[in-house]
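A predicted structure for the sequence below; I have some questions about it.
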Amino acid sequence: MKKIYSDADKSDLPLESSSISKSLNKVENGTSKAKISVISSKNRTKKDENKKAKVDAKRESLRTKLSSDTIDAVDLEKLNEEKIQNHSFRAKRNMVIIVILSILLAITVAIIAIYASTITKRNNCFVYSYGDTYANYIIDGKEVEEFRTPPNIKGNSIFSFYTDIYIVGTETYDIKFSIDVYESGVLLNNTLVYEPNLKLFTRDSDGFYHSKLPIQGGQTINLCQGVILDRQYENSLNANNIEIKFNTYFEKV
């Protein structure tokens with residue numbers, strides 16, 4: 001015989017059976033589906049928000065990086081510009097220094113050259129007149145008071161210079177002359193006059209050439225054509241240490 005359960009007996013159903021029945025009713029009524037749908041929508045929204053947040057974070061990170069790269073590029077460009085300016089300044093400074101040093105070097109070389117030229121071309125022959133009148137010396141056709149020997153002059157040679165004098169005074173004079181040669185300030189021995197004017201002068205024991213007769217002033221006369229340097233000074237005498245003095249004396253008659 002089948003057992004019939006009344007409504008009062010429903011409470012006697014097992015607990016699990018009651019729960020299953022309620023769940024089935026909810027499923028049949030669509031309540032459970034709606035809840036699942038709502039939960040699914042909420043989860044999707046959170047995922048979208050998380051995804052958007054991540055994208056925004058990536059964008060912000062990228063923006064920050066780009067901004068940082070831009071700043072670094074600006075700093076790098078500024079640094080390069082400063083380096084270029086510093087290099088240009090140093091180049092100009094070095095060029096100025098080189099120009100100044102070149103000018104100073106040129107001036108130094110010029111001074112040395114002038115000094116050396118002055119020493120090399122220093123006159124070492126001098127003419128003098130003494131006594132009751134004076135004379136103008138004419139060496140090789142030019143009136144001079146001093147002149148220079150050849151640069152290769154030495155002992156055991158003839159230093160040729162054609163010597164005339166113009167007697168300024170108009171009186172009559174006894175005239176004598178000599179040529180003294182010095183090496184570094186020391187008078188040389190055995191110095192001879194080269195081709196003296198023997199028509200007017202004769203050599204005396206005192207080493208001077210004396211006029212044979214009194215000579216009228218106001219005229220030009222020849223004395224000699226140079227000087228003979230002794231052979232003993234061949235290896236020591238030169239243009240830098242030689243000095244020649246041509247002396248003429250006048251005594252009014």
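In hand now; what should we look at? Numbers count the residues shown, from 1 in each chain.

can you give me the strands in this structure?
125-131, 135-139, 142-144, 146-147, 157-167, 172-183, 186-187, 192-193, 201-203, 209-211, 215-216, 220-229, 242-252 (DSSP state E).

can you tell me the average pLDDT over the last one?
Along strand 242-252, the predicted confidence averages to a pLDDT of 97.

Ok, the longest one next?
Confidence over strand 172-183, taken as the mean pLDDT, stands at 97.

got a list of what the nearest residue to residue 147 once chain neighbours are set aside touches?
Using CB to CB, 6 or more residues apart in numbering and skipping the chain neighbours, the partner closest in space to residue 147 is residue 125 (4.9 Å). Where C-beta positions appear, they are placed from N, C-alpha and C, glycine not excepted. Shown in contact with residue 125 (CB atoms under 8 Å, 6 or more residues apart in numbering): 146, 147, 148, 149, 161, 243, 244, 245, 246.

If we only consider the residues you listed, which is nearest to residue 167?
residue 246 (15.0 Å; CB to CB).

Next one: the closest one relative to residue 209, how far apart?
From residue 246 across to residue 209, the span is 12 Å (CB to CB, to the nearest Å).

again with residue 121
Distance, residue 121 to residue 209, using CB to CB: 30 Å.

Comparing the two, which shows the higher neighbour count?
Between residue 121 and residue 209, residue 209 has the larger neighbour count (other CB atoms under 10 Å), namely 23 against 11.

what's across from the more buried one in the sheet?
Residue 209 has these beta-bridge partners by DSSP bridges: residue 177, residue 203.

ditto for residue 245
If you apply DSSP bridges, the partners that residue 245 bridges to are residue 126, residue 180.

Determine the number of other residues adjacent to it.
Residue 245 has 15 neighbours, counted by other CB under 10 Å.

pretty sure it is touching residue 129, no?
No: applying CB atoms under 8 Å as the test, residue 245 and residue 129 come out as separate, 11.7 Å apart.

Helices of the stretch 1-150 of the chain, start to end?
For the stretch 1-150 of the chain, helices defined by DSSP state H, counting those that start in this stretch occupy the ranges 15-29, 31-120.

least reliable of these going by mean pLDDT?
helix 15-29 - the lowest mean pLDDT of the helices of the stretch 1-150 of the chain, at a mean of 49.

Tell me which residue is most central in the chain.
When CA atoms, centre = their mean is applied to the chain, the residue found nearest the centroid is residue 101 (2.9 Å).

Straight-line length of stretch 193-207, end to end?
Distance across stretch 193-207, first residue to last, is 10 Å (CA to CA, to the nearest Å).

how distant is it from the center of its chain?
How far stretch 193-207 lies from its chain's middle: 61 Å, per CA atoms, centre = their mean, to the nearest Å.

what comes up buried for that stretch?
Using 16 or more other CB atoms under 10 Å as the test for burial, stretch 193-207 gives 193, 194, 196, 197, 200, 201.

From those, pick the one nearest residue 108.
Among the buried residues of stretch 193-207, residue 194 lies closest to residue 108 (CB to CB), at 43.1 Å.
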